[in-house]
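Engineer: Structural data only, the sequence is not supplied:
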Ligand SMILES: Nc1nc2c(ncn2[C@@H]2O[C@H](COP(=O)(O)OP(=O)(O)OP(=O)(O)O)[C@@H](O)[C@H]2O)c(=O)[nH]1
């Protein structure tokens with residue numbers, strides 16, 4: 001009850017400061033509960049939190065809930081969903097992943113931030129936790145092997161670069177395929193063994209996909225640069241002819 005009261009106080013105060021704020025609530029340590037109990041607990045907390053907001057006349061506030069535990073990857077999955085809400089290009093990325101997998105005979109594909117292991121986008125088929133965990137494990141293996149055997153003797157180089165790629169065949173006729181997309185992003189796919197025989201097609205489609213992803217982020221960088229340029233122009237306008245600002249900027 002104390003936690004609910006604190007949540008209510010935090011939400012109402014934050015809403016007063018910024019009515020556009022997103023509320024993402026993590027319910028931790030759920031590993032002690034059975035699956036049914038987890039859902040029931042989440043529903044109960046959600047209901048009570050919403051009732052408290054309704055009593056305060058703030059029913060328009062939307063709360064999102066996530067169940068987490070340190071004993072699995074739920075916290076990373078939850079953070080992935082939170083981060084995805086902040087990515088304006090998400091529909092474009094999803095669309096590109098859908099086109100890529102449907103033309104390459106791929107079961108599932110994730111676009112990962114390699115350092116945090118948060119997936120910033122996936123195709124529109126449902127995500128299951130085991131698949132996500134396997135992808136995280138694969139990234140760990142690739143980076144660990146690269147750190148141990150991939151760097152130069154003096155430690156120069158990076159464990160993840162343009163050449164980074166890995167294929168892991170599982171004992172259930174599935175192949176995990178990892179490829180570098182950008183300095184920070186990797187594509188991890190699940191492919192059936194028989195479809196992986198057409199690796200040439202997958203690689204060609206990946207080449208087109210990678211190019212498209214670069215274009216998406218290039219447009220964003222252009223927008224950021226032009227905003228910076230506009231801000232600079234405005235600052236310059238406020239300066240005197242010899243360039244000394246009239247007032248502290
Ligand atoms: N079963 C379980 N135990 C956890 C989990 N996360 C943390 N713990 C354990 O809970 C104990 C206290 O950790 P936390 O609650 O994270 O620590 P804290 O943030 O300082 O605690 P408070 O601020 O008092 O809530 C430690 O022994 C952790 O190992 C979890 O997801 N599941």
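Structural biologist: Okay, I see it. Remember, it's a predicted structure, so these values are computed and weren't measured experimentally.

Engineer: shaky segments in the chain?
Structural biologist: 239-249 (pLDDT under 70).

Engineer: Could you check how far the residue sitting nearest the centre point of it is from residue 96?
Structural biologist: The residue lying closest to the centre of the chain (CA atoms, centre = their mean) is residue 120, at 2.6 Å. Here the criterion is CB to CB, to the nearest Å. By it, residue 120 lies 12 Å from residue 96. Where C-beta positions appear, they are placed from N, C-alpha and C, glycine not excepted.

Engineer: now residue 50
Structural biologist: Residue 50 is 36 Å from residue 96, by CB to CB.

Engineer: more crowded one of the two?
Structural biologist: Set residue 50 next to residue 96 and count neighbours by other CB atoms under 10 Å: residue 96 wins out with 22 against 15.

Engineer: The more buried one: what secondary structure?
Structural biologist: helix (DSSP: H, G, I helix; E, B strand; the rest coil).

Engineer: my guess is it meets residue 215, correct?
Structural biologist: No. Contact between residue 96 and residue 215 fails when scored by CB atoms under 8 Å: they sit 9.9 Å apart.

Engineer: Now do the buried residues in stretch 186-194.
Structural biologist: Neighbour-count burial for stretch 186-194, counted by 16 or more other CB atoms under 10 Å, picks out 186, 187, 188, 189, 190, 191.

Engineer: counting contacts, what elements does the helix or strand containing residue 221 pack onto?
Structural biologist: Using DSSP states H and E, residue 221 sits in helix 199-237. Here helix 199-237 touches helix 90-104, strand 174-180, strand 185-192, going by 3 or more CB pairs under 8 Å, 6 or more residues apart in numbering; DSSP states H and E.

Engineer: Give me the residues contacting the last one.
Structural biologist: By that I understand strand 185-192. 101, 104-114, 120, 131, 134-135, 138-139, 160, 164, 173-181, 202, 206, 209-210, 213 (CB atoms under 8 Å, 6 or more residues apart in numbering).

Engineer: And the contacts of stretch 49-61?
Structural biologist: Contacts for stretch 49-61 (CB under 8 Å, 6+ apart): 4, 7, 8, 11, 12, 15, 23, 25, 63.

Engineer: In helices only, show me those.
Structural biologist: 4, 7, 8, 11, 12, 15 (DSSP state H).

Engineer: May I ask you to confirm that residue 22 is in contact with residue 64?
Structural biologist: Yes. Using CB under 8 Å, residue 22 is in contact with residue 64, at 7.4 Å.

Engineer: of the two, who's got more company?
Structural biologist: Higher neighbour count among residue 22 and residue 64: residue 64, with 14 against 11, using other CB under 10 Å.

Engineer: who's the more buried one bridged to?
Structural biologist: On the basis of DSSP bridges, residue 64 is bridged to residue 24.

Engineer: so what's it up against?
Structural biologist: Residue 64 neighbours (CB under 8 Å, 6+ apart): 22, 23, 24, 25, 82.

Engineer: Now list the buried members of the contacts of strand 185-192.
Structural biologist: 101, 104-106, 108-114, 120, 131, 134-135, 138-139, 160, 164, 174-181, 202, 206, 209-210, 213.

Engineer: I'd like the distance between the residue nearest to the centre of the chain and residue 20.
Structural biologist: Counting by CB to CB, the separation of residue 120 from residue 20 is 22 Å.

Engineer: before we move on, what about residue 119?
Structural biologist: 25 Å.

Engineer: Looking at the two, which one has more neighbours?
Structural biologist: residue 119 (25 against 5).

Engineer: That one - that's part of a strand, no?
Structural biologist: Yes. Under three-state DSSP, residue 119 sits within a strand.

Engineer: Hmm, residue 131 and it touching each other?
Structural biologist: No. Judged on CB under 8 Å, residue 119 makes no contact with residue 131 at a distance of 10.4 Å.

Engineer: Residues of this protein that sit close to the ligand?
Structural biologist: Counting by CB under 6 Å from any ligand atom, the residues of the chain close to the ligand are 28, 29, 31, 32, 69, 70.
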